[in-house]
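**Student:** Next one to model:
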Amino acid sequence: MSHSKIFITRLIPDLGLALVREHFPAADIWPADLPPTREQLLEKVRGVDGLLCMLTERIDAELMDAAGPQLKVISSMSVGVDHIDIAEATKRGIPVGNTPGVLTDATADQAFALLLATARRVVEGVDYIREGQWITWHPQLLLGADLAGATLGIVGFGRIGQAVAKRAQGFDMRVIYHSPSAQPAHNAQRVDLDTLLRESDFVSINVPLTEKTRHLVNAEFLAKMKPTAVLVNTARGGVLDQTALYNALKSDQIFAAALDVTDPEPLPMNSPLLELKNCIIVPHLGSASHKTRNLMSKLAVENLIAGMDGDKLPNCVNVDVCRS
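**Tutor:** Numbers count the residues shown, from 1 in each chain. Have a look, this model is predicted:
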């Protein structure tokens, strides 16, 4: 394996990097902070046996053609794989690995951090002071929403959605969820989507991005929410129609929103969402803790190693390929 041709699209954290140095000492690692351009990526993958990518790269038929028929494995340092054409990889017999599980708690923490910050208008308070507006204490200054006794609606009840529900228990929240298949957990109650939107004081989006979930959060979705409700999205930017969200926030149709993800990423500086006081946006930080990103890098490299050895990946997305 030491002579295998490997390309890694970004410098990864130390835990994974040590494994790369051990198993693939000649690996080509993109050194820049910015990801390779499409043209650079197509050139870099030519003749590679293994590819370790990030969610910033589009891995499609064109790229797989550029790599060549010897490509054995695609490993992504992410849970979501909407940037990879899984059907195309499966057709070619290429296993695709991702990194679920290890970032569940960090992403659920981020969802709750955004929920709390939005509910209690933390960012607005910071800005209030920095803008020199704090003159005195006032009984009606920046009043927010209470969590205790409130209803949290979780759209998507996989690992992360369930971890969010677990955290809500500590705040004495009633938890309801909408998911086509997940079983109840953490005292959460399954309801239909309309009921969830009608009854929730907070709505957390935790679904993967697919053709079915693209713009799931649209004008119709937002119109069914309470005018006092808070929306939090830590899933994927494409799940949300940002124009519809802007209109809902601007017209006070809902109270506030917090986004860890946008479409596109980064969000253009001329986005109207950035004009709104009742919208918090952070740069895709759901898994951004030292421990979590290290564990993600380790799992991504372990998937890469297994694929190069012809073994079953520790976590394989296209399981039919991995079983063969």
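**Student:** Regarding the closest residue to Ile154 other than its chain neighbours, what is its secondary structure?
**Tutor:** If you skip the residues right next to it in sequence, Ile154 has Tyr177 as its closest partner in space, 4.2 Å away by CB to CB, 6 or more residues apart in numbering. Using the backbone N, CA and C atoms, a C-beta is placed for each residue, glycine as well. Using DSSP: H, G, I helix; E, B strand; the rest coil, the secondary structure recorded for Tyr177 is strand.
**Student:** shouldn't Tyr177 be in contact with Asp192?
**Tutor:** No - taking contact to mean CB atoms under 8 Å, the distance of 10.7 Å between Tyr177 and Asp192 leaves them out of contact.
**Student:** neighbour count winner among the two?
**Tutor:** Applying other CB atoms under 10 Å to Tyr177 and Asp192 shows that Tyr177 carries more neighbours, namely 26 against 10.
**Student:** quick one: pLDDT of that one?
**Tutor:** The predicted local distance difference test score for Tyr177 is 98.
**Student:** mind listing what it touches?
**Tutor:** Listed by CB atoms under 8 Å, 6 or more residues apart in numbering, the contact partners of Tyr177 are 153-157, 161, 165, 188-191, 196.
**Student:** from those residues, which ones fall inside helices?
**Tutor:** Of the positions in these, 161, 165, 196 sit in helices, assigned by DSSP state H.
**Student:** What sits closest to the last one if chain neighbours are left out?
**Tutor:** Closest residue in space to Leu196, ignoring its immediate chain neighbours: Gly153 at 4.0 Å, by CB to CB, 6+ apart.
**Student:** What's the separation between the one you found and Arg190?
**Tutor:** Taking CB to CB, to the nearest Å as the criterion, Gly153 is separated from Arg190 by 11 Å.
**Student:** Need the overlap of contacts for the two.
**Tutor:** Listed contacts common to Gly153 and Arg190 are 176-178; contacts here mean CB under 8 Å, 6+ apart.
**Student:** Return stretch 64-75 as CSV; C-alpha atoms alone will do.
**Tutor:** In CSV, the C-alpha atoms belonging to stretch 64-75 read as follows (Å, rounded to 0.1, in the frame of the first residue of the first chain):
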residue,chain,number,x,y,z
MET,A,64,-14.4,9.2,-11.5
ASP,A,65,-13.6,9.1,-15.3
ALA,A,66,-10.7,11.5,-14.7
ALA,A,67,-9.4,9.2,-11.9
GLY,A,68,-9.6,6.1,-14.0
PRO,A,69,-10.8,2.5,-13.6
GLN,A,70,-8.1,1.7,-11.0
LEU,A,71,-9.9,3.9,-8.4
LYS,A,72,-10.6,1.5,-5.4
VAL,A,73,-12.3,3.7,-2.8
ILE,A,74,-13.8,7.1,-2.1
SER,A,75,-13.7,8.2,1.6
